[in-house]
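next come a sequence and a model predicted from it.
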Amino acid sequence: MKRIIYAYSLLMIIVLSACQANGEAMYDAGQVDDLKEVRLSEFKSLDSLNEEFEHLFSEEKELDIFRELIKSTQKRQQRDEELIYDYDVWLVYDDNAEKGIHLGKNDEDIIVLKYIGESTDEYVASEEASRKLIDLLY
């Protein structure tokens, strides 16, 4: 009987852990307030950064749009194989830490982000944050 209770408890822990992982935000969400610059280039290939940046965002109003977007993201379990990214985004923080992200807009006009070269995980932004960024970029 103890084995059954132990097995059931272990199973519940695993299930609850999996449920919590599904809703996690991008790990840059914790430091996004320290964002000082965003560089943007045309997307060329998956998991490779196009360093020919065409746009630079450093005004607080623009940075706030990117901050809100990153804070609003939720991890999705499966990659959208049909999504074609539009931009490569280079995030630069106050401590000069840098991070590359692919950015795309899906058919529902929702922004989808993926860290460059780290995993296949994609992050979906909220509808409101997506709309603000679309107004800025597209």
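Perfect, I can see it now.

neighbours of residue 34, how many?
14 (other C-beta atoms under 10 Å). Yep, even glycine has a C-beta here, placed from its N, CA and C like the rest.

wait, I meant residue 102
Applying other C-beta under 10 Å, I find that residue 102 has 25 neighbouring residues.

I'd say residue 33 and residue 67 touch.
Yes - with contact defined as C-beta atoms under 8 Å, residue 33 counts as touching residue 67 (6.7 Å).

who's more crowded, those two?
Regarding residue 33 and residue 67, a neighbour count based on other C-beta under 10 Å identifies residue 67 as having more, with 19 against 11.

tell me where this protein has strands.
35-42, 55-57, 74-76, 87-93, 98-105, 111-115, 122-124 (DSSP state E).

for residue 132, which of those is the nearest?
Minimum separation from residue 132 across the strands of the chain (C-beta to C-beta) falls at strand 111-115, 9.5 Å.

tell me which strands and helices the closest one is in contact with?
helix 60-72, strand 98-105, strand 122-124, helix 127-137 (3 or more C-beta pairs under 8 Å, 6 or more residues apart in numbering; DSSP states H and E).

one more time with 6 Å
Contacting strand 111-115 under the criterion 3 or more C-beta pairs under 6 Å, 6 or more residues apart in numbering; DSSP states H and E are the following elements: strand 98-105, strand 122-124.

next, the angle from the first one to helix 127-137.
Counting by axes from the mean of the first three to the mean of the last three C-alpha atoms, to 10 degrees, strand 98-105 lies at 100 degrees to helix 127-137.

what does strand 98-105 contact?
Contact with strand 98-105 is made by 28, 49, 83, 85-87, 89-92, 111-116, as judged by C-beta atoms under 6 Å, 6 or more residues apart in numbering.

I am finished for the moment; much appreciated.
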